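Colleague: prediction below, plus the sequence it came from.
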Amino acid sequence: MRNDYNFSIQKLEDFYGDVKDVKETMNVCKNCGAKHTFTYDSNYEDLYVQEIVICAECDKPTKSYIHIIN
């Protein structure tokens, strides 16, 4: 997995609107409108999952998040 991503903690405040708006924010590229590809790397020793979201058409990393495992 590439290490040149800037990860952030995903917050519920990032998503607003109705269900359709939230799904579009999560699954559709803002640059070209294509669907995102999601890649996950789990680290069970430190209890987190890295999520990398890449556009299938642009091939640009659009988002990268850390999810804490409790």
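Modeller: Yep, it's here.
Colleague: what are the phi and psi values for the residue located most distally from the centre of the chain?
Modeller: Among residues of the chain, the one most distant from the C-alpha centroid is residue 45; the distance is 21.5 Å, by Cα atoms, centre = their mean. Backbone torsions for residue 45, taken as degrees, to the nearest 10, come to phi -70, psi -40.
Colleague: kindly report the same for residue 48.
Modeller: Residue 48 adopts backbone torsions of phi -150, psi 160, taken as degrees, to the nearest 10.
Colleague: so what strands line up beside the helix-or-strand element of the chain with minimal mean pLDDT?
Modeller: Least confident helix or strand of the chain, by mean pLDDT, DSSP states H and E, is strand 8-9 with a mean of 76. Sheet pairing of strand 8-9 (DSSP bridges) gives strand 61-68 (parallel).
Colleague: run through this protein and note the low-pLDDT ranges.
Modeller: Judged by pLDDT under 70, the chain has its weakly predicted residues at 1-5, 11, 60-61.
Colleague: residue 28 against residue 36, yeah?
Modeller: Yes: with contact defined as Cβ atoms under 8 Å, residue 28 and residue 36 form a contacting pair (7.0 Å). (Each C-beta comes from the backbone N, C-alpha and C, glycine too.)
Colleague: need the strands for this structure, in chain order.
Modeller: Taking DSSP state E, the strands of the chain run over residues 8-9, 36-43, 48-55, 61-68.
Colleague: so which of those strands is the most packed in?
Modeller: strand 48-55 (a mean of 18; mean count of other Cβ atoms under 10 Å).
Colleague: distance to residue 18 added to the strands of the chain, as CSV?
Modeller: Shown next, in CSV, are the strands of the chain (distance: least, Cβ to Cβ, whole Å):
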stretch, distance to residue 18
strand 8-9, 24
strand 36-43, 20
strand 48-55, 21
strand 61-68, 21
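Colleague: among the ones you listed, which is nearest residue 15?
Modeller: For the strands of the chain, the distance to residue 15 is smallest for strand 61-68, at 12.0 Å, taking Cβ to Cβ.
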